[in-house]
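[1] Sequence unavailable; structure follows:
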Ligand SMILES: [Zn+2]
């Protein structure tokens, strides 16, 4: 599959479309992503948010849920700066930053997102930095979520 | 309480030589497993006719195939701890439980590894994608199929175990002020031990300048924070303590072996990272450590040598906290003060050089070293060593810890 990544941008991990597809449970997330909205699965039994979408609430074991729209902002909880590409074809996107973002409007653990964090200086990005979601519209069915610094 | 404490013992250790990645060809994982098992039985003064069980982890081998290949007369026990390398020494506890309850008499635990065609975490795109899209609930080292939820992780750039363990490391540095200088001490101390261990694959000297001049793979991990990739096999034989005392080698008692972890640590890594705050910047070992010490009836101050799973250098520092050698958050200063050094430290760690500098056979090299320390035959022998701690993981649950001790 070498060379299938297309042109690369430094700091941006390429969207890889290898038959990734949503299941029934996750479809609302991807539908909202097409409209640049972040929604998160939410237990209507106890109010716990969870990500990625899954059948059971880990807090109260209920299956009842809805999807709540979130502000789309969050805080970097942890991260790494990938400087060495796992494959030579990925060299042009290195260094890139990937990490764990805690989403505003949720309880944090259980609803974090693991994302590529773009538009940051890999030498100064730090835990606690504030970020916001941005979607890359890959095609009619797929929009890739990433986070970038909030510029006020 | 009815426990496995001191009811069983490791009586034999067998290995192939340790090879650098891919160098074991034309041997195979099956041939190396068989070689190690026969050598372990021979070490114990036993034969294949005595072997009646397998207690493995991380899909190390197929007992049906190995049993048929070697002509094992009857298999009475064949189990594995789930997930990956974290279950390593947990498998010793499973073996002990089977023997202590009369379900088998002589059980082998082993790892055999040939990285010619597979690479942990993957370096080829195919392997990388398989990794990123690994199936639900499986080991990251052997997933298959594409899970729908992979859509949530396939594009985030977190592709390898190193990318995952960096998240824990970064968080630990943020919370406690842990530094790269402190983490370097783990790599340097391991390398010093390897330099006097004839079987170590990385015996060449490593200086602090080498460490800081090495390329960053992914911050905060540099080349020397990563384990090497190796080929080889290591097998150990467990039997009842009564029988052990009639055999060729001095018995090494399994005082305790526990596996598991806090439930919401869960898969913890790779594509999860939903671990609660109190467990995120840990090794996941804390609950396992507590049960292990209770089972063995000892505490950290009783441990003479610690063989801590070291796929990544900072995970040693964090395990030292979770196994109670220093307070939570003080692993950095603890190692920087020289506490883990062989010969001078308060708790010598990875006296063989560890996964970082001796060889990486997914944990079993640590079991071998513990046995040799307690037999008094280690290359870097800790004087008077009577109690050894061995760990498997951090990884997706279960992680595991064991207390082995000399039969005195
Ligand atoms: Zn709930």
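    Thanks, I have it. The shown structure was predicted, so the numbers you read here are calculated from the model rather than taken from an experiment.

[2] Low-confidence ranges, the chain, go.
    In the absence of a named chain, chain A is used. Scanning chain A with the threshold set as pLDDT under 70 gives A:1-5, A:17-22.

[3] think we crossed wires, I meant chain B
    In the predicted model of chain B, residues B:117-150, B:268, B:270 satisfy pLDDT under 70.

[4] residue ranges of the helices in it, please?
    Assigned by DSSP state H, the helices in chain B fall at B:29-44, B:63-70, B:90-100, B:125-132, B:161-176, B:180-195, B:208-213, B:241-244, B:277-280, B:286-296, B:313-322, B:331-336, B:354-357, B:364-375.

[5] Could you do chain A as well?
    Under the criterion DSSP H, helices of chain A are mapped to A:27-34.

[6] So for it, the centremost residue is which one?
    By C-alpha atoms, centre = their mean, chain A has its centre lying nearest to residue A:115, at 4.1 Å.

[7] counting residues per strand, which one in chain A is longest?
    Secondary structure of chain A per DSSP state E: the longest strand is strand A:73-82.

[8] That one close to chain B?
    Yes: figure legend: strand A:73-82 in contact with chain B (C-beta under 8 Å from any C-beta of the partner chain); contacting residues A:77-82. C-betas here are computed from N, CA, C, even on glycine.

[9] can you list these in JSON lines and add neighbour count?
    Converted to JSON lines, those look like this (neighbours: other C-beta atoms under 10 Å in any protein chain shown):
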{"residue": "A:77", "neighbour count": "24"}
{"residue": "A:78", "neighbour count": "24"}
{"residue": "A:79", "neighbour count": "27"}
{"residue": "A:80", "neighbour count": "28"}
{"residue": "A:81", "neighbour count": "25"}
{"residue": "A:82", "neighbour count": "29"}
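
[10] Between those residues, which sits nearest the ion?
    Closest approach between those and the ion, by C-beta to the ion: residue A:77, at 22.0 Å.

[11] What ranges does chain A have for its strands?
    Taking DSSP E to define them, one finds strands in chain A at A:39-43, A:49-50, A:65-69, A:73-82, A:96-103, A:113-117, A:130-137, A:143-149.

[12] Each with direction, which strands does the second one pair with?
    Pointing back at strand A:49-50 there. In the sheet, strand A:49-50 lines up against strand A:39-43 (antiparallel) (DSSP bridges).

[13] Please apply the same query to the fourth one.
    For strand A:73-82, the paired strands and their directions (DSSP bridges) read strand A:96-103 (antiparallel), strand A:130-137 (antiparallel), strand B:216-219 (antiparallel).

[14] Quick check: which of those strands has the most neighbours on average?
    Greatest average neighbour count among the strands paired with strand A:73-82 goes to strand A:96-103 (a mean of 25), per mean count of other C-beta atoms under 10 Å in any protein chain shown.

[15] Show me what counts as buried in stretch B:66-80.
    Neighbour counts over stretch B:66-80 (16 or more other C-beta atoms under 10 Å in any protein chain shown) mark B:66-67, B:72, B:75-80 as buried.

[16] So what's the residue count around residue B:378?
    The tally of other residues near residue B:378 (other C-beta atoms under 10 Å in any protein chain shown) stands at 21.

[17] what's around residue B:236, how many residues?
    Neighbours of residue B:236 (other C-beta under 10 Å): 29.

[18] ok so, going back, quick one, which of the helices of chain B gets closest to chain A.
    Smallest distance to chain A across the helices of chain B (C-beta to the nearest C-beta): 3.6 Å, for helix B:161-176.

[19] could you give the angle of that closest one to strand A:73-82?
    Per axes from the mean of the first three to the mean of the last three C-alpha atoms, to 10 degrees, the angle that helix B:161-176 makes with strand A:73-82 is 120 degrees.

[20] picking that back up, relative to residue B:15, which of the helices of chain B is closest?
    Distance to residue B:15, taken as C-beta to C-beta, is lowest for helix B:29-44 among the helices of chain B, at 5.4 Å.
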